[in-house]
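Asker: next one to model:
(one chain, ligands or ions: 2)
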Amino acid sequence: MGVAAGVPAGAPSGDSFGRMLEAVASARLVPVVSLASVEQALPLADALIAGGIAAVEITLRTASGVGAIAALAGYSDRLTVGAGTVVSPEQLDEVADAGAEFVISPGIDEAVVRRSLARGILPIPGVATASEVQLAQRLGLGAVKAFPASLLGGPGFVRAMRGPFPEMRFLPSGGVSLANAAEYLATPGVLAVSGSWMVPDDAVASSDWERIAALGAAAMAALGADPLG
Ligand SMILES: O=C[C@H](O)COP(=O)(O)O
Ligand SMILES: CC(=O)C(=O)O
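Answerer: Numbers count the residues shown, from 1 in each chain. Ligands and ions are numbered 1, 2, ... in the order given. Coordinates of the predicted model:
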């Protein structure tokens, strides 16, 4: 990962951020999940793992987000746990204390990125313009989230941004689906894809963990063989 210039004194080494980045890359698909209660966290994790999913983003869009991250952190070495919708340094501290390994935001905020680097958690801020990618690069980041990917032009957005920013890697999210996830992943510069389709709110609400495991397995199957494997 390109984290170097933005790493404050005392932060973990670039190798540590690189390991987190590669955990997300090797997962290839990162479900975005908002949970209504902390009790849903462990059965959700079991369902995701059963479906072959290796990373999850738990958002702070619900009040149980931080508690769910705390419940999941360290639960299984088969599931890397990150936080989503982190929009302030204070929230960054909360998810850092809870044990999140990566932090995703819908947009890029220099204070959030710097706090994340200082806390040793991989920041993957959202970008929708070249100016934002440029800021991410200046902060020393090697990966950003392309959000909302479908409205930005899909894989073409990543291809266009890789011209001026050939080292940057992108996590497309927003409108990614079973039908187009493989095309995104095959695009040079795509780190992994993320989305919510494999964890429908109604399945979580009804504790339909078998359905979530099946949707996860179908999603992973649609992504095909690991091109790096
Ligand atoms: O940040 C992620 C998005 O909310 C996921 O978008 P999606 O629901 O279109 O998959
Ligand atoms: C949309 C997004 O990136 C987030 O909620 O974190």
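
Asker: for this structure, what spans make up the helices?
Answerer: Under the criterion DSSP state H, the chain contains helices at 14-27, 41-50, 65-72, 89-98, 110-119, 130-138, 149-152, 155-161, 181-185, 201-205, 209-222.

Asker: ok, residue 166 - how many residues close by?
Answerer: 9 (other CB atoms under 10 Å). Using the backbone N, CA and C atoms, a C-beta is placed for each residue, glycine as well.

Asker: look up how far residue 203 lies from it.
Answerer: Distance, residue 166 to residue 203, using CB to CB, to the nearest Å: 40 Å.

Asker: list the contacts of the residue nearest to residue 218 when sequence neighbours are not counted.
Answerer: The shortest distance from residue 218 to any non-neighbouring residue, by CB to CB, 6 or more residues apart in numbering, is to residue 178 (6.7 Å). Residue 178 is in contact with 197, 218-219, 222, counting by CB atoms under 8 Å, 6 or more residues apart in numbering.

Asker: which of those residues sits closest to ligand 1?
Answerer: The closest of these to ligand 1 turns out to be residue 197 (CB to the nearest ligand atom; 5.7 Å).

Asker: excluding chain neighbours, what is closest to residue 149?
Answerer: Nearest non-adjacent residue to residue 149, counting by CB to CB, 6+ apart: residue 172, 3.6 Å away.

Asker: the one you found and residue 144 touch, don't they?
Answerer: No - using CB atoms under 8 Å, residue 172 is not in contact with residue 144; the gap is 10.2 Å.

Asker: what's around residue 200, how many residues?
Answerer: The tally of other residues near residue 200 (other CB under 10 Å) stands at 14.

Asker: go on, residue 98?
Answerer: 19.

Asker: next one: residue 144
Answerer: Neighbours of residue 144 using other CB under 10 Å come to 27.

Asker: how close does it sit to ligand 2?
Answerer: Distance, residue 144 to ligand 2, by CB to the nearest ligand atom, to the nearest Å: 10 Å.

Asker: next: residue 155.
Answerer: Using CB to the nearest ligand atom, we find residue 155 at a distance of 18 Å from ligand 2.

Asker: run through the residues that contact that residue.
Answerer: 172, 183-184, 187, 190.

Asker: how about the lowest-mean-pLDDT helix or strand in the chain: buried residues?
Answerer: Taking mean pLDDT, DSSP states H and E as the measure, the helix or strand of the chain with the lowest value is helix 14-27, at a mean of 91. Within helix 14-27, the residues that count as buried by 16 or more other CB atoms under 10 Å are 14, 16-17, 20-21, 23-25, 27.
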